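Q: sequence and predicted structure, then a few things I'm wondering about:
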Amino acid sequence: MPIRIPEQLPAQDVLLGENIFTMDSQRASHQDIRPLEVGILNLMPNKIETEVQLLRLLSNTPLQINVDLIRIDDQAPKNTPQSHMDAFYHPFSAVENKRYDGLMVTGAPLAHLEYTQVKYWSKMTEIFDWSEQNVQSTLYSCWAAHAAMFHFYGVNRHLREHKISGVFEHQVLTPHNELLRGFDPTFFAPHSRFGHIATKQYEDVAGLKVLARSADAGTYIAATNDKRKVFITGHPEYDPETLHEEFLRDTEAGQSPQIPENYYPQNNPKKPPMVRWRSHGSLLFTNWLNYHVYQTTPFDLNSLNQGVRPNNEV
């Protein structure tokens with residue numbers, strides 16, 4: 001939320017220099033308020049678990065948010081009851097005429113498929129293009145982040161020989177960027193993926209900036225200068241046991257996975273994992289909602305892409 005301060009307070013110039021949004025009393029008295037409209041395109045097979053993780057992060061804000069859960073197709077998910085899907089999820093066709101302040105697109109277990117081999121790739125590209133006109137800011141996570149980079153910019157990932165799995169130290173590259181407001185200079189975040197895009201490939205895209213990266217895991221957060229697209233290659237939403245459960249699942253499937261790095265004390269899977277990413281994960285989503293959605297979206301969502309941004313208020 002913006003901070004309301006007296007007009008001409010000397011601190012205002014300092015805060016503005018740090019890219020902190022302030023509001024004087026006159027402007028505050030003219031605010032119109034409405035709930036934010038946020039869609040979640042959930043591509044994960046265990047949808048209920050993912051819902052809990054994402055909604056937990058979205059709830060850590062004083063903003064009122066209306067959430068639509070969206071499904072990519074009508075196929076029954078492997079790890080989610082059909083009754084749950086029927087009760088809580090909208091097919092994209094039911095919401096494509098709606099406009100959203102924010103959209104989140106999750107990862108998907110599609111690491112070893114070329115994008116064009118994904119059965120719903122044509123629908124994904126349709127939604128990607130639709131979001132350009134109907135969503136103020138879209139956050140792409142993990143597989144979706146790489147897929148969106150490929151669709152919008154022609155940047156393709158390469159697959160690592162071994163899955164990158166673990167909790168890695170990252171460096172903030174742009175300390176005054178609003179998306180990283182309140183972050184420590186170094187912080188931790190989980191990764192679980194085979195795909196990789198080199199940092200230079202992000203940097204070569206005009207209008208796209210790398211905001212945080214890891215020496216071991218590569219680029220973690222990148223965003224367009226207009227705040228309309230955010231790419232998150234890791235999993236700040238993960239629960240403490242998620243990487244452990246993935247490790248057990250892959251082990252039982254005979255895949256001989258590597259032990260997640262920097263996750264278990266003494267690298268021992270029998271010990272409870274070290275949890276050191278949740279505060280920054282929560283802060284990342286709060287900053288996205290505040291600075292990339294709330295502060296930029298028009299009050300009237302019908303004015304999206306018409307150049308109308310009335311006082312950046314919702």
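A: Thanks, I have it.
Q: run through the strands of the stretch 201-314 of the chain in chain order.
A: For the stretch 201-314 of the chain, the strands defined by DSSP state E, counting those that start in this stretch cover 208-214, 218-224, 229-232.
Q: out of the ones you listed, deepest packed?
A: strand 229-232 (a mean of 26; mean count of other Cβ atoms under 10 Å). Bear in mind the C-beta positions are built from the backbone N, C-alpha and C, glycine included.
Q: so what strands line up beside that strand?
A: Take DSSP bridges as the rule and strand 229-232 pairs in its sheet with strand 135-141 (parallel), strand 218-224 (antiparallel).
Q: in CSV, list the ones you listed along with distance to residue 167 and mean pLDDT.
A: CSV is the format used below for the strands paired with strand 229-232 (distance: least, Cβ to Cβ, whole Å; pLDDT from 0 to 100):
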stretch, distance to residue 167, mean pLDDT
strand 135-141, 16, 97
strand 218-224, 12, 98
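Q: need the contact list for residue 214.
A: 168-171, 189, 191, 220 (Cβ atoms under 8 Å, 6 or more residues apart in numbering).
Q: determine which two of those are furthest apart.
A: 171 and 191 (14.7 Å; Cβ to Cβ).
Q: thinking again about what came up before, which one of the strands of the stretch 201-314 of the chain lies nearest to residue 110?
A: strand 229-232 (16.6 Å).
Q: how far away from the center of its chain is that closest one?
A: 6 Å (Cα atoms, centre = their mean, to the nearest Å).
Q: so which of the contacts of residue 214 comes closest to residue 281?
A: Distances from residue 281 to the contacts of residue 214, taken by Cβ to Cβ, are shortest for residue 189, at 6.9 Å.
Q: the spatially most central residue of the chain pairs with what?
A: With distances taken as Cα atoms, centre = their mean, residue 139 lies nearest the centre of the chain, 4.0 Å away. With DSSP bridges as the criterion, residue 139 is bridged to residue 104, residue 230.
Q: now it: how far from residue 102?
A: In this view, residue 139 and residue 102 are 7 Å apart by Cβ to Cβ, to the nearest Å.
Q: what's the overlap in contacts for the two?
A: Joint contacts of residue 139 and residue 102 (Cβ under 8 Å, 6+ apart) are 288, 292.
Q: report the mean per-residue pLDDT for the longest helix seen in the chain.
A: If you go by DSSP state H, the chain has its longest helix at helix 121-134. In this model, helix 121-134 has an average pLDDT of 96.
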